[in-house]
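Participant: following is a predicted model, sequence given first.
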Amino acid sequence: MEVRHLQQAERHIAQGERHIAEQEQRIAHLARRGADTSEAQRLLNNLFATQMLHIAHRERIMRALEEG
């Protein structure tokens, strides 16, 4: 069970990395056009916060696996 959860956590982290990279590209595109990036930046900050939660969750799963 925990191994499956670890695999899922790894997928969430990989998806988060892609979402963050995509959002950073959107922000750069908006900035080049001279558009307001504040909402896009807020979303990026939320993505970073969510990513930290995914990483912490993975670490909890890994500890549980190590403890048996």
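Facilitator: Right, received. Where do you want to start?

Participant: setting the sequence-adjacent residues aside, check what's closest to His12.
Facilitator: Closest residue in space to His12, ignoring its immediate chain neighbours: His54 at 4.6 Å, by CB to CB, 6 or more residues apart in numbering. Where you see a C-beta, it was placed from the backbone N, CA and C, and this is true even at glycine.

Participant: so which residues of this protein form helices?
Facilitator: Applying DSSP state H to the chain gives helices spanning 2-32, 38-67.

Participant: who does the first one touch, helix- and strand-wise?
Facilitator: Contacting helix 2-32 under the criterion 3 or more CB pairs under 8 Å, 6 or more residues apart in numbering; DSSP states H and E are the following elements: helix 38-67.

Participant: how far off helix 2-32 does the helix it packs on point, in degrees?
Facilitator: For helix 38-67 against helix 2-32, the angle by axes from the mean of the first three to the mean of the last three CA atoms, to 10 degrees is 160 degrees.

Participant: which strands or helices does helix 38-67 pack on?
Facilitator: Checked by 3+ CB pairs under 8 Å, 6+ apart, helix 38-67 has helix 2-32 packed alongside it.

Participant: returning to what we had before: now do the contacts for the residue nearest to His12.
Facilitator: 9, 12-13, 16 (CB atoms under 8 Å, 6 or more residues apart in numbering).

Participant: got a ChimeraX select line for the buried ones in these?
Facilitator: Buried residues among these (16 or more other CB atoms under 10 Å), as a ChimeraX selection:
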select :9,12,16
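
Participant: closest to Asp36 among the contacts of His54?
Facilitator: Taking CB to CB as the measure, Asp36 lies nearest Gly16 of the contacts of His54, at 24.7 Å.
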